[in-house]
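Novice: Turn this into a model:
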Amino acid sequence: MKAQFYKYIENLQDTITTKLEKVDGLAKFEEDIWEREEGGGGRTRVIENGNVFEKGGVNISAVHGELPEVLRNQFKVKEGDFFACGLSLVLHPINPFVPTVHANWRYFEMYDSEGNIVTQWFGGGQDLTPYYLFDEDAIHFHTICKTACDKHNPIFYPKFKKVCDEYFWNSHRNEARGIGGLFFDYQKETEEFSIEDRFNFVTEVGASFLDSYVPIVEKRKETPFTKEHKDWQEVRRGRYVEFNLVHDRGTLFGLKTNGRIESILMSLPPKVQWVYNHKPMDGSEEERLLKVLAKPINWV
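Specialist: Predicted structure coming up:
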């Protein structure tokens, strides 16, 4: 299963980066192959200063070795080995009317002292963070997510949409990071679902990513914008940074397990503002976004 899934994310990385280069029309992804001293490594691809994307990354990794202390404590074991692989991406567009997007699909195995698999699972999801909210874009993104889920089980979309809304919540601000999407973790083999079923579901979701995001980019990338629009985008990017550094489990896991810092912090936007006690004008589009972020909406 680990070989099968790693091959999938290798191919998916190629598919996504090739498409995004065409959408941008100027910048190309710079590739960085790296190795982890404790075992494994990855292939980081970063795009910067393009026509469309100010900064973005589409990374894959496969790491293995002795369970780090943080995982031993989590699983309540004294020792053990693990394998983890996944694809993670974040795209920060130049135009404030094009949303930021994040996605991640991953697989994990843990072994006993004899090398037998003790547990294995899939996780992942994708979520959208707009700076100016177009309802039709939100509906499109969620419709693609729902369609991918519905091919496997009708309860998946409402379940994983709710988990996403709860997870990407900036509790110290009492607001959502964005308008959500899907988030799922610990998708293990059960009586109802084999591990192959879980693989088929996760790969279906991953394969739907470009359809969920690229049409929005194409529709909004030429929208004229002002310095005021850009300032708002950079203020909201600050909230994105806050979530990633304060609450995000993936970032914290990477920092606590001697992960590659450049790949971990690739998700951070290049230009950000923190303005003291910033409040948008009453009745503005900026205020409308904040009202939506205060209470998650069922878009489809």
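Novice: and for the helix or strand harbouring K19, what are the contacting residues?
Specialist: Secondary-structure element containing K19, defined by DSSP states H and E: helix 2-24. With contact meaning CB atoms under 8 Å, 6 or more residues apart in numbering, helix 2-24 is reached by 27-29, 43, 45, 47, 50-53, 56, 58-60, 62, 83, 85-87, 89, 91, 105, 107, 109, 122, 199, 202-203, 206-207, 209-210, 214, 217-218, 221. To be clear about C-beta, it is placed using only N, CA and C from the backbone, and glycine gets the same treatment.
Novice: Heading C-terminal from it, find the next helix or strand.
Specialist: Next in sequence after helix 2-24, counting helices and strands by DSSP H and E, comes strand 30-35.
Novice: what mean pLDDT would you report for the helix or strand following that next one?
Specialist: Sequence order places strand 40-48 as the next helix or strand after strand 30-35, per DSSP H and E. Predicted confidence along strand 40-48 averages 96 (mean pLDDT).
Novice: Any buried residues in strand 40-48, and which?
Specialist: Within strand 40-48, the residues scored as buried using 16 or more other CB atoms under 10 Å are 40, 42-47.
Novice: how far does that strand sit from the chain's center?
Specialist: 15 Å (CA atoms, centre = their mean, to the nearest Å).
Novice: and that strand, which strands flank it?
Specialist: Looking at strand 40-48 with DSSP bridges, its paired strands and their directions are strand 30-35 (antiparallel), strand 53-66 (antiparallel).
Novice: now those strands in CSV, with mean neighbour count and distance to I139?
Specialist: As requested, the strands paired with strand 40-48 are exported to CSV (neighbours: other CB atoms under 10 Å; distance: least, CB to CB, whole Å):
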stretch, mean neighbour count, distance to I139
strand 30-35, 12, 34
strand 53-66, 22, 24
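Novice: Out of these, which is closest to V101?
Specialist: Evaluated with CB to CB, those place strand 53-66 nearest to V101, the distance being 8.9 Å.
Novice: angle of the closest one against helix 2-24?
Specialist: Orientation note: strand 53-66 sits at an angle of 170 degrees relative to helix 2-24 (axes from the mean of the first three to the mean of the last three CA atoms, to 10 degrees).
Novice: Okay, buried residues for stretch 71-86 please.
Specialist: Buried-residue list, stretch 71-86, by 16+ other CB under 10 Å: 71, 80-86.
Novice: Next: stretch 145-162.
Specialist: Buried-residue list, stretch 145-162, by 16+ other CB under 10 Å: 145-146, 148-149, 152, 156-157, 160-161.
Novice: follow-up on the earlier one: of all the buried residues of stretch 71-86, which two lie farthest apart?
Specialist: It's G80 and G86 that sit farthest apart of the buried residues of stretch 71-86, by CB to CB, at 19.5 Å.
Novice: what sits against the spatially closest residue to F253 that is not a sequence neighbour?
Specialist: The shortest distance from F253 to any residue that is not its chain neighbour, by CB to CB, 6 or more residues apart in numbering, is 7.0 Å, and that residue is V70. Listed by CB under 8 Å, 6+ apart, the contact partners of V70 are 253, 256-257.
Novice: A138 and P130 touch, don't they?
Specialist: Yes: the pair formed by A138 and P130 meets the contact definition of CB atoms under 8 Å, at 7.4 Å.
Novice: overlap in contacts of these two?
Specialist: Between them, A138 and P130 have I179 as joint contacts when contacts are counted by CB under 8 Å, 6+ apart.
Novice: and the direction of the helix or strand where D197 lies versus that of helix 2-24, what angle?
Specialist: Using DSSP H and E, D197 maps to helix 195-207. Taking the same axes, to 10 degrees, one finds that helix 195-207 is oriented at 10 degrees with respect to helix 2-24.
Novice: Next secondary structure element downstream of helix 195-207?
Specialist: helix 209-220.
Novice: Quick check: mean pLDDT of the helix or strand just after that following helix?
Specialist: Moving toward the C-terminus from helix 209-220, the first helix or strand encountered (DSSP H and E) is helix 227-246. The average of the pLDDT scores along helix 227-246 is 97.
Novice: what helices or strands is the helix or strand that comes right after helix 227-246 leaning on?
Specialist: Using DSSP H and E, the helix or strand that follows helix 227-246 in sequence is helix 249-256. On a contact count with 3 or more CB pairs under 8 Å, 6 or more residues apart in numbering; DSSP states H and E, helix 249-256 meets helix 261-264.
Novice: What distance do you get for E48 to E234?
Specialist: To E234, E48 is 16 Å away according to CB to CB, to the nearest Å.
Novice: Can you find the helix or strand in this protein with the smallest mean pLDDT?
Specialist: Among the helices and strands of the chain, helix 69-75 carries the lowest confidence by mean pLDDT, DSSP states H and E, at a mean of 79.
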